[in-house]
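K.L.:
Here you go, sequence then predicted model.
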Amino acid sequence: MRPKHDEECAVACTAEIIGGKWTAILVHDLSEGPRRFSDLERALPGISPRTLSERLRALEEEGVLERHSYAESPPRVEYELTPKGSALLPIIEAMRQFGHEWLVDEHDHSSVEPVSA
């Protein structure tokens, strides 16, 4: 075992990115495609606009997502995963699988009609 986990420890560096509250969920939501601030806010009940803004800014600075501004009236801003952000998706998927296996009761979805695109 390493004597200390610092900037040279790959696990510590990755945990620094995805370990913040809401961050893994944001990456998961963005895996479905570009999202507007209001879409992300609705998807995360309980997050304050300030916290959401801070998390998005930190992920942008880390290179995990890109912010796209469109010159429209009213102005439109969308957030999208970068290749670096997409590379986190297997970790998020492993978290989902762990949660279903160990933390969250499985729900019977057999009676739910599939949603057509």
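P.N.:
Cool, the structure landed.

K.L.:
so what's the residue nearest the centre of the chain up against?
P.N.:
In the chain, the residue lying closest to the centroid (Cα atoms, centre = their mean) is Val27, at 1.6 Å. Going by Cβ atoms under 8 Å, 6 or more residues apart in numbering, Val27 touches Ile18, Leu59, Val64, Leu81, Gly85, Leu88, Leu89, Ile92. All C-beta atoms are positioned from the backbone trio N, CA, C, and that covers glycine.

K.L.:
Which strands and helices lie in contact with the worst-scoring helix or strand of the chain on mean pLDDT?
P.N.:
Within the chain, no helix or strand scores below helix 10-18, which has a mean of 91 by mean pLDDT, DSSP states H and E. Judged by 3 or more Cβ pairs under 8 Å, 6 or more residues apart in numbering; DSSP states H and E, helix 10-18 is in contact with helix 23-30, helix 89-98.

K.L.:
Cheers, nothing more for now.
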